[in-house]
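Enquirer: here is the input, now give the coordinates:
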Amino acid sequence: MALPLHIPPFIHNPSHKHHLPPQDHPLRIQIEGPLIAIQRLLPHTPWHLNLQSQTFPQPAGPKLVRLTYQQLYGRDPRQKVPGDLEVRDEYLGWMPEKYLNE
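Expert: From the prediction side, this is the model:
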């Protein structure tokens with residue numbers, strides 16, 4: 001069973017002028033998390049560890065972005081808004097050395 005995603009509440013008062021961003025601007029999210037967190041949030045979605053044969057984005061990437069978007073905005077991304085939900089980068093520097101050749 002997947003664990004729920006928890007995003008702590010915004011604590012700055014007053015909030016920054018870009019928090020939350022206006023509806024007409026795409027949301028930019030940077031998600032960093034170890035493999036264990038991804039496996040807990042999306043237990044049935046693979047995350048490929050072989051850096052020699054990578055696909056972009058990873059299957060879990062768009063699902064993790066969608067989950068975060070839903071948690072922040074309380075709704076699904078808007079299909080008609082270009083760039084509303086887009087995976088632009090995947091940082092794999094957190095992967096342990098032992099996974100590099102698996």
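Enquirer: the residue nearest the centre of the chain in helix, strand or coil?
Expert: The centroid of the chain falls nearest to residue 65 when counting by CA atoms, centre = their mean (3.4 Å). State at residue 65, reduced to three classes by DSSP: H, G, I helix; E, B strand; the rest coil: helix.
Enquirer: can you pull out the helices in the protein?
Expert: Using DSSP state H, the helices of the chain run over 35-41, 60-73.
Enquirer: most tightly packed of those helices?
Expert: helix 60-73 (a mean of 17; mean count of other CB atoms under 10 Å). C-beta here means a position set from N, CA and C on the backbone, and glycine is covered the same way.
Enquirer: for residue 81, grab the count of nearby residues.
Expert: For residue 81, the neighbour count with other CB atoms under 10 Å is 12.
Enquirer: ok so, going back, let's have the helices of the chain in TSV, adding mean pLDDT and distance to residue 89.
Expert: Formatted as TSV, the helices of the chain follow (pLDDT from 0 to 100; distance: least, CB to CB, whole Å):
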stretch	mean pLDDT	distance to residue 89
helix 35-41	81	16
helix 60-73	84	9
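Enquirer: need the ones you listed in JSON lines (columns: distance to residue 10).
Expert: As requested, the helices of the chain are exported to JSON lines (distance: least, CB to CB, whole Å):
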{"stretch": "helix 35-41", "distance to residue 10": "21"}
{"stretch": "helix 60-73", "distance to residue 10": "10"}
